[in-house]
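Q: only geometry, no sequence info:
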């Protein structure tokens, strides 16, 4: 059996809320290991698209395939078990658990501990080691016993990423990972994301063009629920359709600034 | 070292892996050893019949409140129908006792609570899948509905529930094992104590397993749990069954203790008591419900003897707790232990004294009013006067009422002054502690 050509494939996906169609036939094929940034004006449906892929909402029509397998209609936890993990735009943590426990919760299923109530967490060597490893990767190992609600904003964003990658999913979706961060924090954070997603298929929703060019091999432009362009950054920038639909001048200017800096 | 009994939520569990000998492991032995010792020695210290009755009740109330807190504190599920599982466990146990008595069931009497536990788990398994579909409001409403349903059924099926009179049994039936007949109350107490210790240990152990931790995660953020591979409903459902099991054991012990079970043991009033006292004890910490269970028995047995208006006082305490210390007594204890650990408790001592003194004055005034109202409503046939804290009050004379109102008003005013001063000192202390923690972090 040959490996599927795409890690994640969207085939004419549509989603309506009531009479309003938000996603209007989006198609996209992401190869294994590719890093894709999804950009588009506000209200284009970027977050909705993530919610469809991760199973938070069901699609109205069309098909989504993860590593060649159709995942339409599956529950979020079923999709997660097939190797897809996502982060959230607003930090979505286990606020009354410590940093360590937050990450360990995200590790347990992937190591096969399921709903075990006959084993002690302290004895699960692989889970605890993996958790410590993730904490070092997201640089929160010194905060391991701090409750998630007592972290600073930037630390919470890092933990959000940590929970997302901890289970070892091969496809990672990050929804505006740097939202609300300062310039210097963002730079450091992009570097962190690069480090922790080595070898993974990565999709991000981003507004900050510096981040887009720092992270992505390819850019998908989503406008009114359709993917109007999907290519390497230079080609997307040169694409007249993109320039027309999506503030081309701003894009170019920011790209230059990004390349210069 | 009571930090050992904290819900594992905040405890550094994983740290134990790398370092095998850590001081708080010793602390764990001390705490559990102390608990066992307390259970063992209590009936030797408190020897009266009343004390024995109360200790027995505390034993199984601890199991019941802990099982309730598996839902409330550990899983964030507010159940209004926990008595269903306690009560059905009790009924199953009493029927098992009668079967043993009739010679149709070859089970030692000491195993009867387990029959109650299995019944509780079975009923929870049956009703739980629908109940645990959603958390929060939906869960609470369904448990309320199920509770009413079972309470209504209890009166519809007198064969099983015994109607008005309930079902009685004889715990001395069957062959005594090792000479233990369960005739004397002390033998029943030690059986209850044994169950209490084992169940407490089992429920504590549960908080340190994958299921126990995911239950905390479901409490904090069910949505995110679905995105790390777990089905939240399965987590809740399993916890619900386990809670039902331990509730049923608690119910089975009530059957063994009283040798009678009545329909009100599945009713809403009981469910409400379990909720109220678990909350009073504190849902945030593992040991909170143990305090709650002790308070429950004290209130129902002792306090209700002192005054007819005890439920009013209970309601007031509950209300104040919800408003000012939603973590219950256990949380108050832990917060003060933290202050003590940083050596700052002494500074708060005078403030506490002021709070206690002014609070007592306000309470005395309020209690005098409550007692007079109760006297007018219920005991007017006994004449217009009543004794209250050494004073004679006359409900027909205005000065008694004015006096009571005056004492209460002065008490409340002084209490408010003391409270503000205390709050200022408390906040100051907390800030200093935060600073100290930050400083240690950097080192």
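A: That came in fine, so what should we check first? Since we're looking at a predicted model, the values are computed, not measured.
Q: Please count neighbours and contacts with C-alpha atoms only from this point.
A: Will do.
Q: Tell me which residue in the stretch 151-261 of chain A sits closest to chain B.
A: Residue nearest to chain B within the stretch 151-261 of chain A (Cα to the nearest Cα): residue A:167, separated by 7.2 Å.
Q: I figured that residue hits residue A:112, correct?
A: No: counting by Cα atoms under 8 Å, no contact exists between residue A:167 and residue A:112, whose distance comes to 10.6 Å.
Q: more neighbours, the two?
A: It is residue A:167, of residue A:167 and residue A:112, that has more neighbours when counted by other Cα atoms under 10 Å in any protein chain shown, with 28 against 10.
Q: contacting residues around the closest residue to the more buried one other than its chain neighbours?
A: Distance criterion Cα to Cα, 6 or more residues apart in numbering or on different chains; nearest residue to residue A:167, sequence neighbours excluded, is residue A:107 at 4.7 Å. Residue A:107 makes contact with A:127, A:130-131, A:166-167, B:228, according to Cα atoms under 8 Å, 6 or more residues apart in numbering or on different chains.
Q: Residue A:107: what secondary structure?
A: Three-state secondary structure (criterion: DSSP: H, G, I helix; E, B strand; the rest coil) places residue A:107 in helix.
Q: The one 10 residues further on too?
A: Using three-state DSSP, the three-state assignment for residue A:117 comes out as coil.
Q: do the same with residue A:10
A: Classification of residue A:10 into helix, strand or coil gives strand, according to three-state DSSP.
Q: ok, it touching residue A:25?
A: No: in this structure, residue A:10 sits apart from residue A:25 without contact. The criterion is Cα under 8 Å, and the distance is 9.1 Å.
Q: More neighbours: the two, which one.
A: The residue with more neighbours, out of residue A:10 and residue A:25 and counting by other Cα under 10 Å, is residue A:10; that gives 21 against 18.
Q: could you pull out the strands for the chain?
A: You didn't say which chain, so I picked chain A. According to DSSP state E, chain A carries its strands in the segments A:8-17, A:20-30, A:35-39, A:61-66, A:69-70, A:84-86, A:171-175, A:201-205, A:218-223, A:226-231.
Q: I was after chain B.
A: In chain B, the strands defined using DSSP E lie at B:167-168, B:260-261, B:385-388, B:391-394.
Q: Okay, buried residues for the last one please.
A: Within strand B:391-394, the residues that count as buried by 16 or more other Cα atoms under 10 Å in any protein chain shown are B:393-394.
Q: just checking, what packs against it?
A: For strand B:391-394, the helices and strands in contact under the criterion 3 or more Cα pairs under 8 Å, 6 or more residues apart in numbering or on different chains; DSSP states H and E are strand B:385-388.
Q: Same question for the second one.
A: Contact partners of strand B:260-261 among helices and strands, from 3+ Cα pairs under 8 Å, 6+ apart: helix B:82-101, strand B:167-168.
Q: Neighbouring strands - and their directions - for that strand?
A: For strand B:260-261, the paired strands and their directions (DSSP bridges) read strand B:167-168 (antiparallel).
Q: residues in contact with the partner strand?
A: Contacts made with strand B:167-168 from outside it, assessed by Cα under 8 Å, 6+ apart, are listed as B:91, B:94, B:161, B:259-262.
Q: Can you give the distance of that strand from its chain's centre?
A: Strand B:167-168 has its C-alpha centroid displaced from the chain centroid by 26 Å (Cα atoms, centre = their mean, to the nearest Å).
Q: swap in stretch B:165-174?
A: Averaging C-alpha positions (Cα atoms, centre = their mean) puts stretch B:165-174 27 Å from its chain's average.
Q: for stretch B:244-262, same thing?
A: Distance of stretch B:244-262 from its chain centroid, counting by Cα atoms, centre = their mean, is 16 Å.
Q: buried set for that stretch?
A: Neighbour-count burial for stretch B:244-262 flags B:244-257, B:259-262 (criterion: 16+ other Cα under 10 Å).
Q: Could you check how far the residue of chain A positioned farthest from its centre is from residue A:192?
A: Going by Cα atoms, centre = their mean, the residue of chain A most distant from its centre is residue A:118, 33.8 Å out. Relative to residue A:192, residue A:118 is positioned 37 Å away (criterion: Cα to Cα, to the nearest Å).
Q: can you list the residues of the stretch 1-150 of chain A near chain B?
A: Proximity of the stretch 1-150 of chain A to chain B (Cα under 8 Å from any Cα of the partner chain) is limited to residues A:76-81, A:85-86, A:92-98, A:101-102, A:105-110, A:113-123, A:125, A:128, A:145-147.
Q: Give me the residue ranges of the stretch 101-250 of chain A where confidence is low.
A: Within the stretch 101-250 of chain A, the segments meeting pLDDT under 70 span A:246-250.
Q: all helices for it, in order.
A: Secondary structure of the stretch 101-250 of chain A, counting by DSSP state H, counting those that start in this stretch: helices at A:125-137, A:153-166, A:183-196, A:209-215, A:233-238, A:240-245, A:248-260.
Q: Outline the domain layout of the chain.
A: Chain wasn't specified; assuming chain A. Here the domain assignment for chain A is A:1-82+A:204-261, A:84-168, based on automatic domain parsing.
Q: Correction: the question concerned chain B.
A: Following automatic domain parsing, one finds the domains of chain B at B:2-312, B:342-442.
Q: Quick one: mean pLDDT for the longest one?
A: Right, domain B:2-312. Domain B:2-312 carries an average pLDDT of 89.
Q: now it, how far from the centre of its chain.
A: For domain B:2-312, the distance between its averaged C-alpha position and the chain's averaged C-alpha position is 9 Å (Cα atoms, centre = their mean).
Q: Pick out the residue of the stretch 1-150 of chain A closest to chain B.
A: Of all residues in the stretch 1-150 of chain A, the one sitting closest to chain B is residue A:77 (4.2 Å; Cα to the nearest Cα).
Q: Please report how far that residue lies from residue A:89.
A: Following Cα to Cα, the distance that separates residue A:77 from residue A:89 is 19 Å.
Q: and the two? which has more neighbours close in?
A: residue A:77 (23 against 17).
Q: I'd guessed that one sits against residue B:224; true?
A: No: at 9.6 Å, residue A:77 does not count as touching residue B:224 under the criterion of Cα under 8 Å.
Q: follow-up on the earlier one: identify whichever of the strands of chain A lies nearest to residue B:152.
A: Evaluated over those, closeness to residue B:152 peaks at strand A:8-17, with 42.8 Å, by Cα to Cα.
Q: Direction-wise, compare that closest one with strand A:226-231 and give the angle.
A: Inter-element angle recorded for strand A:8-17 and strand A:226-231: 160 degrees (by axes from the mean of the first three to the mean of the last three Cα atoms, to 10 degrees).
Q: Name the residues of strand A:8-17 that come out as buried.
A: Quick answer for strand A:8-17 (16+ other Cα under 10 Å): A:8-15.
Q: Counting neighbours, what do you get for residue B:190?
A: The number of residues packed around residue B:190, counting by other Cα under 10 Å, is 18.
Q: Leaving aside the residues adjacent along the chain, what's closest to it?
A: residue B:40 (7.5 Å).
Q: same check, this time on residue B:340
A: Nearest to residue B:340 is residue B:346, by Cα to Cα, 6+ apart, at 7.8 Å.
Q: and the residue of chain B nearest chain A?
A: Of all residues in chain B, residue B:229 sits closest to chain A, with a separation of 4.2 Å (Cα to the nearest Cα).
Q: What separation is there between that residue and residue A:111?
A: Distance from residue B:229 to residue A:111, by Cα to Cα: 11 Å.
Q: Which residue of the two possesses the greater neighbour count?
A: In this comparison of residue B:229 against residue A:111, neighbours counted by other Cα under 10 Å, the higher total goes to residue B:229 at 27 against 14.
Q: Would you check that my belief about the more buried one contacting residue A:84 is correct?
A: No: using Cα under 8 Å, residue B:229 makes no contact with residue A:84, being 9.6 Å away.
Q: returning to that earlier point: is it possible to get JSON lines of the domains of chain B that adds distance to residue A:63?
A: What follows is the domains of chain B, written out as JSON lines (distance: least, Cα to Cα, whole Å):
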{"stretch": "domain B:2-312", "distance to residue A:63": "20"}
{"stretch": "domain B:342-442", "distance to residue A:63": "50"}
